[in-house]
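quick one: sequence plus predicted model below, questions after.
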Amino acid sequence: MKKFLLTLIAVSTAGFTQAEPVAIFNGKDYTGWHGNNPHTTSKAKDDAARAESLKAQQKEFTEHWTVKDGVMVNDGHGPYATSDKEYGDMEFWLDYKTVALADSGIYLRGAPQIQIWDHTNEKAFKHGADKGSGALWNNSPDNPGKMPLVLADKPFGEWNSVHVKMVGSRTWVWLNDKLVVKGAVFENYWDRSRKTPLPDKGPIHLQTHGGEIQWRNIKVHEYTAAEATAILREGEEKEGFNSIFNGTDLSGWAGPLENYEVVDGAIGCKAGKGGTLYHDDELTDFVARVEFKLPPGGNNGLAIRYNGKGNPAYDAMTELQVLDNTAEKYAKLDERQFHGGAYGVAAAHRGHLRPLGEWNYQEVTVKGSTIKVELNGSIILETDVSKVTEFMADKKHPGLNNASGFFGFAGHNDPVLFRNISIKKL
């Protein structure tokens, strides 16, 4: 089964060849860039005030940023060099050279930051400077990515190379060819209180912070959906995941089999049909990985610890919604009914589904009474259902405390497709 999963993933992500990265700095002038200190513009009370703030920053930008011999040069002052274009899932490269006591960084999707600083500055050791550059310094204390895995900075006067892979909020960083951040969640500095994921797209900012810094060879490759999913699933065969779907028929599955079909290696709910199809291996704690594709207005769900009968939204631990959030007919749903939410129990962050017609990738982790949902690399739900006291329509959920059960799909008459379905028992 594991071999089949790997083959199917290879097939689903084959057919693309990574294009050459695109230079986003032409080495001559600031075409494609402007000045923007987001800590200033974020304070604007409305769009008009923001526009006025940005306009005022452009004069200062030209005073403190120059181009010399194909290199961006900043004197340590002024607004940040900011890409006109916004980027989402991508691979990113640049070189930088800075000076002693400098403190800078690279903002991705408008958020701080991949840290750049003087690792010999003893006054900053209390902040972690002695650990080196390249990490996600604004992550919460003790969280992955907060500090680099190794010290990789070169001596002052030499160029440092940065290589980044970013899918959703998942981030990998290499500094001078050494891995310093491994798949850590890049936390959203601007909205940490609600654990809101980074937006799906945002600008690149090159921070200026009190010391001269130079930048060159700035390049980007924007990932396709297939490339992004392949990055997230890389190496899973070594992590203990096993396929629960053979890609050919519904062997090993139970429930209303007649309402489902296999379409091009995917399980599909037949149009106008429904019911809960579930895999016949009972689970306690587990991680599930699945790719799904929604039709316009599509509605389905992931049955979690389902007991094999009844409505999984209530009789299972939960039904995690699989839903086209953009459909007008769903505009007035309760927040706990949108995609990724534990139906009627806990709401998920919205805005991270790929466009209709593309395959999405979702990982669900169930441990005890806790559920985590990660969609396309962004964590959209983290909840402990044992602590929930308010439910949609005050309706009871008798299966909420199920300690074990089956994993499956809760069809609701729409031809939603699922493929590359794997489980790791915890």
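Cool, got the structure.

and stretch 275-286, how far apart are its ends?
23 Å (Cα to Cα, to the nearest Å).

can we start the residue count at 50 from this point?
Understood, numbering begins at 50; the last thing we discussed is stretch 324-335.

so who does residue 323 touch?
With contacts defined as Cβ atoms under 8 Å, 6 or more residues apart in numbering, residue 323 is in contact with 305, 308, 459, 460, 461, 462. Every residue, glycine included, has its C-beta placed from N, CA and C.

distance of it from residue 239?
Distance, residue 323 to residue 239, using Cβ to Cβ, to the nearest Å: 40 Å.

which stretches of the stretch 50-199 of the chain have low pLDDT?
Within the stretch 50-199 of the chain, the set of residues satisfying pLDDT under 70 comprises 50-67.

repeat that with 90
For the stretch 50-199 of the chain, residues meeting the criterion pLDDT under 90 lie at 50-69, 151, 191.

so where do the strands sit in it?
For the stretch 50-199 of the chain, the strands defined by DSSP state E, counting those that start in this stretch cover 71-72, 82-84, 114-117, 120-123, 130-132, 139-147, 152-157, 160-166.

adding distance to residue 207, write those strands out as TSV.
Supplementary listing: the strands of the stretch 50-199 of the chain in TSV, determined by distance: least, Cβ to Cβ, whole Å:
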stretch	distance to residue 207
strand 71-72	22
strand 82-84	25
strand 114-117	18
strand 120-123	14
strand 130-132	21
strand 139-147	7
strand 152-157	16
strand 160-166	14
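
the ones you listed: which one's closest to residue 345?
Between residue 345 and the strands of the stretch 50-199 of the chain, the tightest spacing by Cβ to Cβ is seen for strand 139-147, at 27.6 Å.

so the closest one versus strand 160-166, what angle?
Using axes from the mean of the first three to the mean of the last three Cα atoms, to 10 degrees, one finds that strand 139-147 and strand 160-166 are set 40 degrees apart in direction.

partner strands of strand 139-147, parallel or antiparallel?
When pairs are called by DSSP bridges, strand 139-147 turns out to pair with strand 209-216 (antiparallel), strand 262-271 (antiparallel).

of all the ones you listed, which one is nearest residue 248?
The minimum distance between residue 248 and these falls on strand 209-216, with 12.2 Å, by Cβ to Cβ.

where does the most centrally placed residue in the chain land on pLDDT?
Closest to where the C-alpha atoms of the chain average out (Cα atoms, centre = their mean) is residue 217, at 2.1 Å. Note for residue 217: predicted pLDDT of 98.

for the one 10 residues further on, same thing?
According to the per-residue confidence, residue 227 scores 98 in pLDDT.

for the residue nearest to it when sequence neighbours are not counted, give me its contacts.
For residue 227, the nearest residue in space outside its immediate sequence neighbours is residue 201; the separation is 4.0 Å by Cβ to Cβ, 6 or more residues apart in numbering. Contacts of residue 201 were listed using Cβ under 8 Å, 6+ apart, and they are 181, 182, 183, 224, 225, 227, 229.

having no further points to raise, I will conclude here.
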